[in-house]
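Undergrad: Mind looking at a prediction? Sequence and model below.
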Amino acid sequence: MSHTQQTEPNTGITPHASPTPLGTPPAVATNIPHNLIPTPMAAPSNYTDVHAPAFPTLKEDVTNLNAWKMAIEDFVIMNDMENLIAEEHQPPPPTSANQNLYRRQRAKLRTHLMRSIPEDLDIPIDIGPDTQPIEIINAVSSSLQSATTADHQLLRQEAEYTTLEPDMSIAEYVKKHRAVRSKMVTTKFPNATLQSTTIDFMIRGLGRIPYFQTIVDTWYDSNSVPKTIAEFETRLKKAEGRANLRSGTASTSTSTESRAPRARPRGRRGGRGRGGR
């Protein structure tokens, strides 16, 4: 019996081919019309996997709060959900033709929001089936920003209470202020990245030592206030050395009496023109 494929006369029907030997790959069809070849279904352009995190998880120190808000804004724009985070947002009537679409979009956005919020974060809102995403966003933002404000107030107090004491070296004094500055930068304290913010706090802390306060007054009078923390430290260390030579003691202060600092011009480096006030 021949294995050659035959065509039935006058019918155009090709009988089944005889089995191919074991291990032989099947023949690839080459005569299928192009319009009958199935094509893979493409995902819609606004498709988002609900199981993949859409927003970064909020950090306890609130350092990524702005990134979190930006991710939400981008997400709703790409998924045609901008109405869900509008302050004046109102859900459609129950009889609306858009009710099912609205509920799916709300569920998707709310799911991503809840996954981005740490479980131990205390949110001042009871979240239920009818809670709107914008209500969650506002509650989280308000809670975190209140905590941040309180942290900033404590850091401001710490910086203001870090003063140069009679038995403290300039190196130790600057080190303390650098440590406060590091915490300010971490918590997004206003203008914390500007060295002038820390310099202003350090200048205020010199008021207990008349010798150094006089030097600072000279800086303002000659418009030569240091522009960097390193320059501030270098110049005061030199003054510290001169004071030690004059007094013949290791102490940087010859008196513990206090005197009121001179009024500072309000401006770029005026006494209270920085530090987030």
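TA: Yes, it's here.
Undergrad: Looks like residue 227 contacts residue 195 (just checking).
TA: Yes: Residue 227 is within contact range of residue 195, at 7.3 Å (criterion: CB atoms under 8 Å). For glycine as for every other residue, the C-beta is placed from the backbone atoms N, C-alpha and C.
Undergrad: Now do the buried residues in the longest helix seen in the chain.
TA: With secondary structure taken from DSSP state H, the chain has its longest helix at helix 133-161. Buried residues in helix 133-161, counting neighbours by 16 or more other CB atoms under 10 Å, are found at 133-134, 136-137, 139-140, 143-144, 147-148, 151-152, 155-156, 158-159.
Undergrad: Leaving out the residues flanking it, which one is nearest to residue 212?
TA: Among residues not flanking residue 212 along the chain, residue 206 sits closest, at 4.4 Å (CB to CB, 6 or more residues apart in numbering).
Undergrad: so how far is residue 87 from the one you found?
TA: 48 Å (CB to CB, to the nearest Å).
Undergrad: Check residue 95 too.
TA: In terms of CB to CB, residue 95 sits 25 Å off from residue 87.
Undergrad: And residue 65, by the same measure?
TA: 18 Å.
Undergrad: which one of those two has more residues nearby?
TA: Neighbours per residue (other CB atoms under 10 Å) separate residue 65 from residue 87, with residue 65 holding more: 18 against 6.
Undergrad: I'd like to check which residues are in contact with that one.
TA: With contact taken as CB atoms under 8 Å, 6 or more residues apart in numbering, residue 65 is in contact with 58, 141, 144-145, 148.
Undergrad: Reformat those into JSON lines and put distance to residue 75 and pLDDT next to each item.
TA: Listed next are those as JSON lines, based on distance: CB to CB, whole Å; pLDDT from 0 to 100:
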{"residue": "58", "distance to residue 75": "15", "pLDDT": "85"}
{"residue": "141", "distance to residue 75": "16", "pLDDT": "84"}
{"residue": "144", "distance to residue 75": "19", "pLDDT": "78"}
{"residue": "145", "distance to residue 75": "21", "pLDDT": "73"}
{"residue": "148", "distance to residue 75": "24", "pLDDT": "74"}
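Undergrad: Residue 129: how many residues sit nearby?
TA: 8.
Undergrad: How about the secondary structure of it?
TA: Counting by DSSP: H, G, I helix; E, B strand; the rest coil, the backbone at residue 129 sits in coil.
Undergrad: Between residue 227 and residue 195, point out the one with more neighbours.
TA: Legend: neighbour count by other CB under 10 Å for residue 227 and residue 195, higher for residue 195 (18 against 12).
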